[in-house]
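*Asks:* Need coordinates for the below:
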Amino acid sequence: MPSFVLKTFLCASAALVLSTPATHAQLRKKSRPAPVAAARPDRTDSVALRKIFDEALLRGESYENLRYLTGNIGPRLSGSPQAQMAVDWGKATMEKAGFDRVYLQEVMVPHWVRGGKEKGEIVGNKGKEIKVPVCALGGSVGTGGKLKAGVVEVHSFEELKKLPDEAVKGKFVFYNRPFDDALIEPGQAYGRAGDQRRSGAIEAARRGAVGALVRSLTSARDDNPHTGTMQYDPAVPKVPGAALSTNAADQLSQLLKANPELQFELEMECITLPDEKSYNVVGEIRGSKFPQEIITVGGHLDSWDLAQGAHDDGTGCVQSIEALRLLRAAGYKPERTVRAVLFMNEENGTRGGNEYARLAAQNKETHVAAIESDGGGFTPRGFGLESDAATLAKVASWAPLLKPYNVDDITAGHGGTDIEPLKAAVQPKALIGYKCDSQRYFDIHHTAADTFDKVNRRELELGSASMASLIYLLSKYGL
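*Replies:* Now for the predicted structure:
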């Protein structure tokens, strides 16, 4: 990830308690059946998990499904024809897998169009022009032709606020705060740097600037600009927002030090069209003992438009479908109902996640847990939970069963952007984020480099099996 809201990597407290608003959810909670005394995992569970991993590694379908999604459909920005093609593909793929029920949930989504290739140039005081890699941030207005202005560099909103009006008015504000590479988890660095992308144009416009230039959110030093959603404030004029590649940002910063009077020329043709009708795609296997209790697993079907959306989040979609297929192929009938959900519009609106939660509340559904895969298809490591301490301890007690597959890192953490709305709507016991090795994720995140060839087949299939294994345990033992 909403819109993105720090994607899926910010850590939460181990003692985090899910909110309990005074709604019909309280009445529904009182009417739930008394919990069955929990059985202890035994050797049969080890055998079941081994069967799941064998099926994934020997006959897994995630990789070939991803090949089709990325190669035959490609970028799937909300509201685009490709997004509708992806909906049709998701529904057909789940039906082919033989799930008990496959259906669509209608949702209206934003329709932003990038337009022609963006152009950016650094212009010196002698008229010398240096072309640099640049891309529009998602949701930005266009420039209405070529927009040329001076540049003021800052590293934080606080630094911007301290500048006199004459230093900002009529210029581009250049936000050049890099990732904090001392952090072990790059997702934390992403979270700390993300405000300049989301709100940079608002804060620049407040001071009379003509636009915002933002350093791409990555540790990588390359020429790939990173897009991502940005916001506007109705009370503040809309000015264009663009991302510079890290190499371009370094170059601009260096040249500004030598010549503070240089200018930047930006040209973008992006436009926002009326909302479009789209859909979440839902497939489920009905529970054999507690069909009224639901476990959701999902990823987001939409992607940014610069590449194929392979790791973000094609991998999460195919893993969610595969998790259900693996359970069935291994001969296991879930005791609780399991749903695979391909959410629409995570990247620039979270409308699909909000609609799924709204319908769950409207239908008075009981949700035990929800799992989201939205951190790429890299080597699996474990799961991060938003839950109370007792629930976290119970799931962590299953770590010995998962340890042979190196997916036993079970800690407090952020569940996921698409499943977050379920917290207030139906109060599941846990929101669970699938964790994989994220060190390479932000090298390609939201760039033209997010392509199928960056995905390793074994890593992807192992992730599907890891998610299926956790679903097996949640379905059998509940929370």
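*Asks:* these two touch, right, Arg458 and Leu57?
*Replies:* Yes: Arg458 is within contact range of Leu57, at 7.1 Å (criterion: CB atoms under 8 Å). Where C-beta positions appear, they are placed from N, C-alpha and C, glycine not excepted.
*Asks:* Name the strands paired with the longest strand anywhere in the chain and say parallel or antiparallel.
*Replies:* Counting residues, the longest strand found in the chain (DSSP state E) is strand 271-285. Strand 271-285 pairs in its sheet with strand 101-113 (antiparallel), strand 336-343 (antiparallel), by DSSP bridges.
*Asks:* Now do the helix or strand just after that strand against strand 336-343, angle only.
*Replies:* Using DSSP states H and E, the helix or strand that follows strand 271-285 towards the C-terminus is strand 290-300. For strand 290-300 against strand 336-343, the angle between stretch directions is 20 degrees (axes from the mean of the first three to the mean of the last three CA atoms, to 10 degrees).
*Asks:* for the helix or strand that strand 290-300 is followed by, what is the average pLDDT?
*Replies:* Proceeding N to C from strand 290-300, the next assigned helix or strand is helix 315-329, under DSSP H and E. Across helix 315-329, the average pLDDT comes to 98.
*Asks:* Give me the distance from helix 315-329 to the chain's centre.
*Replies:* The chain centroid and the centroid of helix 315-329 are separated by 18 Å under CA atoms, centre = their mean, to the nearest Å.
*Asks:* Then stretch 411-421?
*Replies:* Counting by CA atoms, centre = their mean, stretch 411-421 comes out at 10 Å from the chain centroid.
*Asks:* Identify each buried residue in the longest strand of the chain, please.
*Replies:* 272, 276, 278-285 (16 or more other CB atoms under 10 Å).
*Asks:* Just give me the neighbour total for the residue lying closest to Glu293 once chain neighbours are set aside.
*Replies:* Excluding the flanking residues, the one nearest Glu293 by CB to CB, 6 or more residues apart in numbering is Arg336, at 4.4 Å. Number of residues near Arg336 (other CB atoms under 10 Å) recorded here: 25.
*Asks:* beta partners of Arg336?
*Replies:* Residues in beta-bridge contact with Arg336 (DSSP bridges): Phe290.
*Asks:* tilt between the longest helix seen in the chain and strand 271-285?
*Replies:* Using DSSP state H to define each element, the chain has its longest helix at helix 457-477. Angle, helix 457-477 to strand 271-285, by the same axes, to 10 degrees: 60 degrees.
*Asks:* Check the gap between the residue lying closest to Gly145 once chain neighbours are set aside and Ala136 for me.
*Replies:* In space, and not counting its chain neighbours, Gly145 is closest to Glu267: 6.9 Å by CB to CB, 6+ apart. Using CB to CB, to the nearest Å, Glu267 is found at 10 Å from Ala136.
*Asks:* any shared contact partners between these two?
*Replies:* Taking CB atoms under 8 Å, 6 or more residues apart in numbering as the contact rule, Glu267 and Ala136 both touch Glu118.
*Asks:* So for those two, which sits in the more crowded spot?
*Replies:* Neighbour count, other CB under 10 Å: between Glu267 and Ala136, Ala136 has more, with 25 against 20.
*Asks:* Against Gly463, how distant is Ala329?
*Replies:* Taken as CB to CB, the span from Ala329 to Gly463 is 16 Å.
*Asks:* shaky segments in the stretch 101-250 of the chain?
*Replies:* Nowhere does the stretch 101-250 of the chain drop to pLDDT under 70.
*Asks:* Please enumerate the helices of it.
*Replies:* Using DSSP state H, counting those that start in this stretch, the helices of the stretch 101-250 of the chain run over 157-162, 165-168, 186-193, 195-206, 246-258.
*Asks:* Would you tell me which of those helices gets closest to Ser469?
*Replies:* helix 186-193 (23.2 Å; CB to CB).
*Asks:* Which other helices and strands does the closest one contact?
*Replies:* helix 441-444 (3 or more CB pairs under 8 Å, 6 or more residues apart in numbering; DSSP states H and E).
*Asks:* what residues does the helix it packs on touch?
*Replies:* 179, 186-187, 189-190, 217-220, 222, 224, 307, 311, 375-376, 378, 449-450, 454.
*Asks:* What are the phi and psi values at Glu365?
*Replies:* phi -80, psi 150 (degrees, to the nearest 10).
*Asks:* Read off the pLDDT value for it.
*Replies:* pLDDT, Glu365: 98.
*Asks:* Outline the domain layout of the protein.
*Replies:* 24-112+274-477, 115-269 (automatic domain parsing).
*Asks:* among these, which is the most enclosed?
*Replies:* domain 24-112+274-477 (a mean of 21; mean count of other CB atoms under 10 Å).
*Asks:* who's in contact with Met436?
*Replies:* Wrong residue type there; residue 436 is Cys, not Met. 375-381, 459, 463.
*Asks:* That one bridge partners, please.
*Replies:* Pro380.
*Asks:* Also Val214?
*Replies:* Beta-bridge partners of Val214, as defined by DSSP bridges: Tyr175, Ala243.
*Asks:* my read: Ala59 touches Ala329, true?
*Replies:* Actually, residue 59 is Arg. It isn't Ala. Yes: counting by CB under 8 Å, Arg59 does reach Ala329; the two are 7.3 Å apart.
*Asks:* coming back round to it: dump the helices of the stretch 101-250 of the chain to JSON lines, plus distance to Gly98.
*Replies:* Listed next are those as JSON lines, based on distance: least, CB to CB, whole Å:
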{"stretch": "helix 157-162", "distance to Gly98": "52"}
{"stretch": "helix 165-168", "distance to Gly98": "60"}
{"stretch": "helix 186-193", "distance to Gly98": "36"}
{"stretch": "helix 195-206", "distance to Gly98": "42"}
{"stretch": "helix 246-258", "distance to Gly98": "46"}
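*Asks:* wait, which of the ones you listed is closest to His111?
*Replies:* helix 195-206 (19.6 Å).
*Asks:* Mind giving me the packing neighbours of the closest one?
*Replies:* Against helix 195-206 (3+ CB pairs under 8 Å, 6+ apart) you get helix 157-162, strand 172-175, strand 211-215, strand 241-244.
*Asks:* In terms of secondary structure, what does the third one contact?
*Replies:* Spelled out, that is strand 211-215. strand 146-154, strand 172-175, helix 195-206, strand 241-244, helix 246-258, strand 263-267.
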